[in-house]
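Asks: Give me coordinates for this.
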Amino acid sequence: MKSIFILTAFCFISSLSIAQSGNIDSSFGVNGKVITGFSIDNLQSLASAKQNDDKIVVVGFGYIIRTDTSFGFLAMRYTKDGIVDSSFGNNGITIVNVGDDYISETAQAVAIQGDGKIVMTGYAAKGLIKTNYDIPTVRLNANGSIDSSFGNNGIVIADYGSGDVGHDILIQPDGKILVEGASSGYFITLRYLSNGSLDQNFGEAGKVITTFTGLATGTSVALQPDGKIVAAGHDEDQVLLTRYLSNGITDESFGSNGEVRSNFTKLFDRAYDMALQTDGKILIVGDATSFFKDTAFLARYNTDGSLDNSFGINGLSKLPDTSGIARVMLQKDGTIITSGYGFTVSKFKSDGTTDSSFGTNGHTTTEGIGQAYGLCIQGDNKIVLSGFINDSVTSHITLARYNNDINQKQILITKIRRWLQHHNGFTWDANNNVSSYMVQRSYDGIHFNSIARINTSNTSNYTYQDQTAFTATNYYRLQTTSVSGAVNYSNVIAVTNDNIKISPNPAKNVLHLEGLPTSNIKLTVVDFAGNVAISKRLTTNNNSYNLNIASLQTGNYLLKIETNDDIITKQFIKE
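Replies: The predicted structure follows:
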């Protein structure tokens, strides 16, 4: 196996545009657009991800023929404003050949870990017949070099016999990696540990195969705050969804025995991407092909898998016919951004209606720069589409950025406080401009799940008592929706139901634990990016323990205390 790094770029020049929401952003690249590639090479981008510093990583296929002919998984990184980042790989580009037995290798999905490492998956073809495909998963260090600590020199290969293709990838808060795709005409979901080995506690030795009627392809995967996993995709003519428990067992409470099937046109419907709302509802984008035209759509499902008829028209919103293959992302104000195949970007309100203040009646299409496959939203809410364009000889990577104003009106801050008369209860004062409150609970203070909806009334203050609280610590917050539709969140409070005490807090070298159970305890320290920093199983029968934390970097951490019956989570600060 080998890696070869080469780069060049040139930019596509267009006319200036004003900074109106939905218009192309002239400060990005050259007049809002970027094209990268040599005339004799083949560079294609099929997915993208945004780093915390707003740099953009695009992945796909690279074929370099100028010097030492090379092909494989492609990763490129751009600065926030569309300049190739020369500090990444070799002058901005990394190409990884995943194996000498393959004649073609393409990355179709990418995710970025909390430590900045980049994980991508896709397919590698042993021949022209699609039954000879395998699923490679590759991890790079943050600087673009191969991470040799992952799998076999940065690469793991999944080969289950027939047509194995990876379409999506996700990093769990605990650092485990989910890959979604297709195998032998079925959904396949793989879960890897952070070192690249399959998670033997997930499904059957790290994989879950779900069969549907017909040839099915899993295209997208999402993780609920409660650890359940939602997978979406399609067969020849239906949108398909399924949900698994955190251990990979099918959740039969979802849809019909764990499966949902939708056919909106009675012909050929496909799902390409998915996003989960904070209330657990599921957004799907895809297209429906009839004998006369193609129609792209955005659909929303309730948490039980039923179609949400309050969204759009009977659960559906129409995208421009130019959209085709699409992506979907949620914004912090509850609005929805979708991207389409023909460099089309659209914006929808939370109820599924188009946001007419964006572009032209909610949509913008940029012609002349090829087809878009990737979607990112930067920290300033600007939208970046990425893809590639073909010419008569080869193909080049293309990007475009769009201005995007989110609704800042009536963003209301609600403060909650303990309801001292009741255990696991809290209270807050009414706000006349709020239309509803959503109570959300978390086991770790990071991943929240909605547990109750409270509509506004004429009361001056509200209270809520959790009747199904976790043993140990519960974290609560409110999601507020204003009368204008803007969404915001309250402060977070912690309510502890256990007798375990930690001290001091903040701590420098040693964290003292009191009140521990006397047998079978596992301690895990996790940073807020989900990376495991310390993992230790106690053999002592004492109810106190001194945990050495001297090796931790300064910052906030979670301490998970696991027994046979429970998981207790504590927050602490390392000085």
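
Asks: Going by C-alpha atoms from here, please, whenever you check contacts or count neighbours.
Replies: Will do.

Asks: Pro173: which element?
Replies: No secondary structure element spans Pro173, as it lies outside all helices and strands (assigned by DSSP states H and E).

Asks: Which residue, other than its chain neighbours, is closest to it?
Replies: The shortest distance from Pro173 to any residue that is not its chain neighbour, by Cα to Cα, 6 or more residues apart in numbering, is 4.2 Å, and that residue is Gly530.

Asks: Identify the residues contacting the one you found.
Replies: Shown here is Gly530, whose contacts under the criterion Cα atoms under 8 Å, 6 or more residues apart in numbering are Gly114, Gln172, Pro173, Asp174, Gly175.

Asks: downstream neighbour of the lowest-mean-pLDDT helix or strand in the chain in the secondary structure list?
Replies: Of all helical and strand segments in the chain, the minimum by mean pLDDT, DSSP states H and E falls on strand 3-4, at a mean of 38. The first helix or strand that comes after strand 3-4 along the chain, using DSSP H and E, is strand 33-36.

Asks: ok, the nearest residue to Phe202 once chain neighbours are set aside to Ser339 distance?
Replies: On the basis of Cα to Cα, 6+ apart, the spatially nearest residue to Phe202 that is not a chain neighbour turns out to be Asn247, at 4.7 Å. Summarising the geometry, the distance separating Asn247 from Ser339, computed by Cα to Cα, to the nearest Å, is 32 Å.

Asks: Looking at the two, which is more packed in?
Replies: Each of Asn247 and Ser339 has its neighbours counted (other Cα atoms under 10 Å); Ser339 has more, 31 against 18.

Asks: Skipping its backbone neighbours, what lies nearest that one in space?
Replies: Val345 (4.4 Å).

Asks: Now that neighbour: phi and psi?
Replies: The phi and psi torsions at Val345 (degrees, to the nearest 10) take the values phi -120, psi 140.

Asks: tell me the contacts of it?
Replies: Going by Cα under 8 Å, 6+ apart, Val345 touches Gly22, Ile337, Thr338, Ser339, His363, Thr364, Thr365.

Asks: For the residues you listed, which single residue is the most surrounded?
Replies: Within those, neighbour counts (other Cα under 10 Å) peak at Ser339, which reaches 31 neighbours.

Asks: Determine the three-state secondary structure at that one.
Replies: Classification of Ser339 into helix, strand or coil gives strand, according to DSSP: H, G, I helix; E, B strand; the rest coil.

Asks: Next up, the contacts around it.
Replies: Taking Cα under 8 Å, 6+ apart as the definition of contact, the neighbours of Ser339 are Ser323, Ala326, Arg327, Val328, Val345, Ser346, Ala372, Tyr373, Gly374, Leu375, Leu385.

Asks: center of this protein - which residue?
Replies: To find the centre residue of the chain, average its C-alpha atoms and take the closest one (Cα atoms, centre = their mean): that gives Leu170, at 5.7 Å.

Asks: Next one: that one, what pLDDT does it get?
Replies: According to the predicted model, the pLDDT of Leu170 comes to 96.

Asks: Kindly provide the distance from the closest residue to Gly359 other than its chain neighbours to Ala275.
Replies: Taking Cα to Cα, 6+ apart, and ignoring the residues beside it in sequence, Gly359 has Gly22 as its nearest neighbour in space, at 4.0 Å. According to Cα to Cα, Gly22 stands 21 Å off from Ala275.

Asks: per-residue pLDDT, Ala182?
Replies: If you check Ala182, the pLDDT there is 94.

Asks: where's it, which helix or strand?
Replies: In this assignment (DSSP H and E), Ala182 forms part of strand 177-183.

Asks: and that strand, which strands flank it?
Replies: Strand 177-183 has its sheet partners listed here by DSSP bridges as strand 165-171 (antiparallel), strand 186-192 (antiparallel).

Asks: Out of those, the one nearest Asp53 is which?
Replies: Ranking those by proximity to Asp53 (Cα to Cα) places strand 165-171 first, at 18.1 Å.

Asks: on that earlier part again, list the residues that contact the residue nearest to the centre of the chain.
Replies: With the criterion set at Cα under 8 Å, 6+ apart, Leu170 makes contact with Ala111, Ile177, Leu178, Val179, Val221, Ala222.

Asks: repeat that with 7 Å
Replies: Leu170 is in contact with Ala111, Ile177, Leu178, Val179, counting by Cα atoms under 7 Å, 6 or more residues apart in numbering.

Asks: all strands of the stretch 251-400 of the chain, in order?
Replies: 259-262, 268-276, 282-289, 294-301, 316-319, 326-330, 336-340, 344-348, 363-365, 371-377, 383-390, 395-402 (DSSP state E, counting those that start in this stretch).

Asks: Tell me the strands beside the second one, with direction?
Replies: Applying DSSP bridges to the sheet, strand 268-276 is found paired with strand 282-289 (antiparallel).
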